[in-house]
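Novice: got a structure for you, letters missing:
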């Protein structure tokens, strides 16, 4: 197999292409015939404006009755059908009549059986031309004309219309077939390194003698060629990709003309018979398609201790704007409880109401509903460890039940109102920093007095309360662990025992 060699000079491939074009020109000259003259008359308003047929797309306007455009050619394959469209100018209230002939037997005569298209009306007229399976191979003549009141023959000379001649190159049946591929895993989540994409052959290609098979990697809807190899598998980055099968003859299609990142699959297909070119080869244009995405949950801010009111508290986090949500993906915020990340709620915003004391975490989940069915989540049972939640979450600690069990701390005007602010720290007390978003922080240390000598607040755990157990006097044992002890009343909400 002759591989793609973008580093080599493209001159060799260009020379082969030019040689092929020269061969076509020589073939045209060798098969040239003297055809009957035909003219639609000069100085009239009826003329051909545009001719479209395979590789021909020529807009010319008024040519004074006749134009020789035989330097413009279309390549067709014997046995195949192609569309043709003709458009013309004229008096707006009169319909235009169009005809087209192809000299399939290359005898220099447009016979009645070689009239391939006839239509009339206002505006562009279109139809289909079928190339006979027995048409002579090589270059031949196509003649098109337009007229007003009546149809005109291939050799007519008249006054209200125009005639144009073109070249058509007939090629033999191309037996190369690209077959078909299927993506092994069409949707791939990028993991920070190269992603591996692979296709499987679901329809075997037809490879004529002397032909070879190469697999081509293209990127994006423009099918920009990025790589090629002997197997339908490649390492890629984030993006949309297609793997194609190309069956070709290295003697007629020089792949060194391909420049990675520049040449497209459409460029190559345009050289082939199937794409309107003259080279017999087969490219599976549809190919096997892949989408490599890089969803990122980003981060949240807001981890803090929250004292609730009337048995409830609202936990709120703020998205930091660093999430990446690919096209087709959605975002949902997930609330988990405890160190086991038991999922207890989910919603469109990172804000939740809770009614139980505990450690909570708000997570961002960026997901594709086509690949992740969130109906599998059972609130109170499923955990974040069982699925995607846990990437870049912000934690919030809450004690929704009130200032203290059985002893609500009233706000202004009595119980049930906003909680009163805590008293200033006593001298010598050390305040620990709040737990950062996404983590519980350092081990628990220090307490401070809040609303009097008998009430204490644990700065590393939620809530305010009184220890039900008398602890040893901490000043005498491990004095470095404690500050400002009064009556030895301490409580840890983490384990129910006194702090050490």
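Specialist: Structure received. What you see is a predicted model, and the numbers here were worked out from it, not measured in a lab.
Novice: And the strands in the stretch 151-300 of the chain?
Specialist: Counting by DSSP state E, counting those that start in this stretch, the stretch 151-300 of the chain has strands at residues 161-171, 180-183, 187-189, 195-203, 212-219, 224-229, 233-236, 239-248, 282-283, 288-293, 300-301.
Novice: what residues go with each domain of the chain?
Specialist: 31-171, 175-293, 300-399 (automatic domain parsing).
Novice: closest to residue 259 out of the strands of the stretch 151-300 of the chain?
Specialist: Of all these, it is strand 224-229 that lies closest to residue 259, at 8.0 Å by C-beta to C-beta. Any C-beta I mention is one placed from the backbone N, CA and C, and that applies to glycine too.
Novice: residues in contact with the closest one?
Specialist: By C-beta atoms under 8 Å, 6 or more residues apart in numbering, the residues outside strand 224-229 that reach it are 3-4, 214-219, 234, 236, 241, 246, 255, 258, 260-265, 268.
Novice: how much distance is there from it to the middle of the chain?
Specialist: Chain-centre distance of strand 224-229: 17 Å, with C-alpha atoms, centre = their mean, to the nearest Å.
Novice: okay, now residue 259: neighbour count?
Specialist: 13 (other C-beta atoms under 10 Å).
Novice: elements contacting the strand or helix carrying residue 346?
Specialist: Secondary structure assignment for residue 346, by DSSP states H and E: strand 342-347. Other helices and strands packing on strand 342-347, by 3 or more C-beta pairs under 8 Å, 6 or more residues apart in numbering; DSSP states H and E, are strand 330-337.
Novice: Report the buried residues of stretch 140-153.
Specialist: With burial defined by 16 or more other C-beta atoms under 10 Å, the residues of stretch 140-153 counted as buried are 140-148, 152-153.
Novice: How far off centre is stretch 205-219?
Specialist: Relative to its chain's centre, stretch 205-219 lies at 26 Å (C-alpha atoms, centre = their mean).
Novice: now stretch 251-268
Specialist: Using C-alpha atoms, centre = their mean, the offset of stretch 251-268 from its chain centre is 23 Å.
Novice: distance between the ends of that stretch?
Specialist: 15 Å (C-alpha to C-alpha, to the nearest Å).
Novice: Tell me which residues of that stretch come out buried.
Specialist: So stretch 251-268, judged by 16+ other C-beta under 10 Å, has buried residues 252-258, 263-265, 267-268.
Novice: Those residues in helices, which ones?
Specialist: 265, 267-268 (DSSP state H).
Novice: Can you flag the weakest of the strands of the stretch 151-300 of the chain by average pLDDT?
Specialist: The weakest mean pLDDT among the strands of the stretch 151-300 of the chain belongs to strand 187-189, with a mean of 85.
Novice: Direction included, what does it pair against?
Specialist: strand 288-293 (parallel) (DSSP bridges).
Novice: quick one: the partner strand to chain centroid distance?
Specialist: With C-alpha atoms, centre = their mean, you get 7 Å for strand 288-293.
Novice: Let me know the angle separating it from strand 212-219.
Specialist: Orientation check (axes from the mean of the first three to the mean of the last three C-alpha atoms, to 10 degrees): strand 288-293 against strand 212-219 gives 30 degrees.
Novice: For residue 286, grab the count of nearby residues.
Specialist: For residue 286, using other C-beta under 10 Å, the count is 11.
Novice: hmm, back to that, ok, the buried residues of stretch 251-268 vs residue 49, which is closest?
Specialist: Nearest to residue 49 among these, with distances taken as C-beta to C-beta, is residue 267, at 28.7 Å.
Novice: Could you list the low-confidence segments of this structure?
Specialist: 1-33, 387-500 (pLDDT under 70).
Novice: So which residues of it form helices?
Specialist: Using DSSP H, the helices found in the chain span residues 11-30, 265-271.
Novice: any chance of the ones in helices among the buried residues of stretch 251-268 in TSV, with distance to residue 288 too?
Specialist: TSV is the format used below for those (distance: C-beta to C-beta, whole Å):
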residue	distance to residue 288
265	13
267	20
268	17
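Novice: and the gap between residue 90 and residue 100?
Specialist: Computed as C-beta to C-beta, to the nearest Å, the residue 90 to residue 100 distance reads 18 Å.
Novice: Residue 255 too?
Specialist: 36 Å.
Novice: Kindly report the same for residue 250.
Specialist: Residue 250 is 37 Å from residue 100, by C-beta to C-beta.
Novice: Tell me which of those two has more neighbours.
Specialist: residue 100 (24 against 14).
Novice: Residue 154 reaches residue 37, doesn't it?
Specialist: No. Residue 154 lies out of contact with residue 37 (C-beta atoms under 8 Å); the separation is 10.5 Å.
Novice: Name the residue in those two with the higher neighbour count.
Specialist: The neighbour comparison of residue 154 against residue 37 (other C-beta under 10 Å) goes to residue 154, with 22 against 10.
Novice: quick one, the strand holding residue 346 and strand 330-337 angle?
Specialist: Going by the same axes, to 10 degrees, strand 342-347 makes 140 degrees with strand 330-337.
Novice: List the buried residues for strand 342-347?
Specialist: Buried, per 16+ other C-beta under 10 Å, within strand 342-347: 342-346.
Novice: partners of the residue nearest to residue 125 when sequence neighbours are not counted in the sheet?
Specialist: Nearest in space to residue 125, with sequence neighbours left out and distances taken as C-beta to C-beta, 6 or more residues apart in numbering, is residue 119 at 3.8 Å. In this entry, residue 119 is beta-bridged to residue 98, by DSSP bridges.
Novice: gap between the residue nearest to the spatial centre of the chain and residue 366?
Specialist: For the chain, residue 240 is the residue whose C-alpha lies nearest the centre (C-alpha atoms, centre = their mean; 4.6 Å). Separation of residue 240 from residue 366 (C-beta to C-beta): 18 Å.
Novice: same check, this time on residue 112
Specialist: Using C-beta to C-beta, one obtains 68 Å as the distance from residue 112 to residue 366.
Novice: which one is residue 62 nearest to, not counting chain neighbours?
Specialist: residue 47 (4.6 Å).
Novice: show me what contacts the one you found?
Specialist: By C-beta under 8 Å, 6+ apart, the contact list for residue 47 reads 40, 61-63, 88-90, 146, 161-162.
Novice: Turn the buried residues of stretch 140-153 into TSV, columns for distance to residue 78.
Specialist: As requested, the buried residues of stretch 140-153 are exported to TSV (distance: C-beta to C-beta, whole Å):
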residue	distance to residue 78
140	12
141	17
142	15
143	20
144	21
145	25
146	28
147	30
148	35
152	29
153	26
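Novice: which two in these are spaced the farthest apart?
Specialist: Every pair of these checked by C-beta to C-beta; the farthest is 140 and 148, at 28.3 Å.
Novice: Distance check, the residue nearest to residue 277 when sequence neighbours are not counted against residue 58.
Specialist: In space, and not counting its chain neighbours, residue 277 is closest to residue 271: 4.2 Å by C-beta to C-beta, 6+ apart. According to C-beta to C-beta, residue 271 and residue 58 sit 20 Å apart.
Novice: neighbour count winner among these two?
Specialist: residue 271 (20 against 15).
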